[in-house]
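In: sharing a model prediction with you, sequence too.
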Amino acid sequence: MNPKILIIGACGQIGTELTQKLRKLYGTENVIASDIRKLNTDVVNSGPFEVVNALDFNQIEHLVEVHKITDIYLMAALLSATAEKNPAFAWDLNMNSLFHVLNLAKANKIKKIFWPSSIAVFGPTTPKENTPQYTVMEPSTVYGISKQAGERWCEYYHNIYGVDVRSIRYPGLISWSTPPGGGTTDYAVDIFYKAIADKKYECFLSSETKMPMMYMDDAIEATINIMKAPAEKIKIHSSYNLAAISFTPTEIAAEIKKHIPEFTISYNPDFRQKIADSWPASIDDSSAREDWDWNHTFDLESMTKDMLEHLGNKK
């Protein structure tokens, strides 16, 4: 039996590619995409789509009942840089949308939840290199605070009500299919667009700011794999560390220059520098690798090549 899936926030950076992959895997008719507005995009046009407000419990419950949903992927969130500009709304969206789906699972209306966390749960007091699964977590951003609180609620609902909720702490995600979405790590997406269009890029982080990153293909693979894993393999019910590659703006610029020799980069750090400085430089994700066989495919070299090829074809 294929699951019947509802993706909330399907038009976002992750949701876009996740929807397409899940439709290929389980059949278009079994994957209901939803977002707060209906845009003229592949996600909307390639299969079932519903307009839904992630803050409206009744709307979500109605979709679950109408479409006989078994699994929800809750991808709606306000990201780090955007959340700093509107803290109250970020907290409201990031927390209450999670409560809605947790309560649906508690009431046995759905079987399984995927909810993404982030490296933003860590803070300035967290060990920066090889950040452990269990460590000091004192996030200093609105986004990080909401994700850390969300992790605690996920674990609580699992322990107290038996809810099957699965989560991974995404590092910075790099994708060619959707433009940057307001995250601090999004320089690593924007740099490719500017390299092709302008042959130059002004980075809003300093040259040696090292952060954990991942190519979107790997992130989607991890998301689907953790949901496919047998319940007994999921031993962490807050959120799993996830890692692939860590690099600095200098290193990614050097990799791009191998393909576009005339490319140049300059640096003008803004408020996002403080956010980046509070996050880890590299992540220990051995729990994910041991528990449900996580493994990444793309390194900096192969990711750069793939990004430039896809964006070059989009022009």
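Out: Everything's here; your move.
In: start to end distance for stretch 169-179?
Out: Length of stretch 169-179, first residue to last, CA to CA, to the nearest Å: 21 Å.
In: just how off-centre is it within its chain?
Out: The chain centre lies 7 Å from the centre of stretch 169-179; the measure is CA atoms, centre = their mean, to the nearest Å.
In: Thr185 belongs to a strand, doesn't it?
Out: No. Judged by DSSP: H, G, I helix; E, B strand; the rest coil, Thr185 forms no part of a strand; its state is helix.
In: against Ile252, how distant is it?
Out: Computed with CB to CB, to the nearest Å, the distance linking Thr185 and Ile252 is 11 Å. For the C-beta atoms, the positions are set from N, CA and C on the backbone; glycine is no exception.
In: with Tyr26 instead?
Out: 34 Å.
In: which one of those two has more residues nearby?
Out: The neighbour comparison of Tyr26 against Ile252 (other CB atoms under 10 Å) goes to Ile252, with 25 against 16.
In: and that one, what does it touch?
Out: By CB atoms under 8 Å, 6 or more residues apart in numbering, Ile252 lies in contact with 188, 191, 300, 304.
In: could you redo the last one with a cut-off of 10 Å?
Out: By CB atoms under 10 Å, 6 or more residues apart in numbering, Ile252 lies in contact with 174, 187-188, 191-192, 195, 201, 203, 213, 245, 265, 300, 303-304, 307.
In: so which of those sit within strands?
Out: 174, 201, 203, 213, 245, 265 (DSSP state E).
In: quick revisit: what do Thr185 and Ile252 both touch?
Out: Counting by CB under 10 Å, 6+ apart, the contacts common to Thr185 and Ile252 are 174, 213.
In: still on that earlier bit, tell me the one of the ones in strands among the contacts of Ile252 nearest Ile168?
Out: Met213 (14.4 Å; CB to CB).
In: my guess is the closest one contacts Gly183. True?
Out: No. In this structure, Met213 is not within contact of Gly183 by CB atoms under 10 Å, at 11.1 Å.
In: overlap in contacts of the two?
Out: By CB under 10 Å, 6+ apart, the residues touching both Met213 and Gly183 are 170, 172-173, 189.
In: quickly list what the most centrally placed residue in the chain is bridged to.
Out: Centroid check for the chain by CA atoms, centre = their mean gives Tyr170 as the closest residue, at 5.2 Å. Beta bridges link Tyr170 to Ser118 when assigned by DSSP bridges.
In: who's sitting farthest from the centroid in this protein?
Out: Using CA atoms, centre = their mean, the residue of the chain lying farthest from its centre is Glu262. It sits 32.1 Å away.
In: quick one: contacts for it?
Out: For Glu262, the contact set (CB under 10 Å, 6+ apart) comprises 195, 199-200.
In: look at Ser238 and give its secondary structure.
Out: Here Ser238 is coil, with the state taken from three-state DSSP.
In: distance of it relative to His62?
Out: Relative to His62, Ser238 is positioned 30 Å away (CB to CB).
In: who has more neighbours out of the two?
Out: Ser238 (21 against 13).
In: and the strands in the stretch 151-300 of the chain?
Out: Using DSSP state E, counting those that start in this stretch, the strands assigned to the stretch 151-300 of the chain run over residues 165-166, 168-170, 172-174, 200-203, 211-215, 240-241, 245-247, 264-267.
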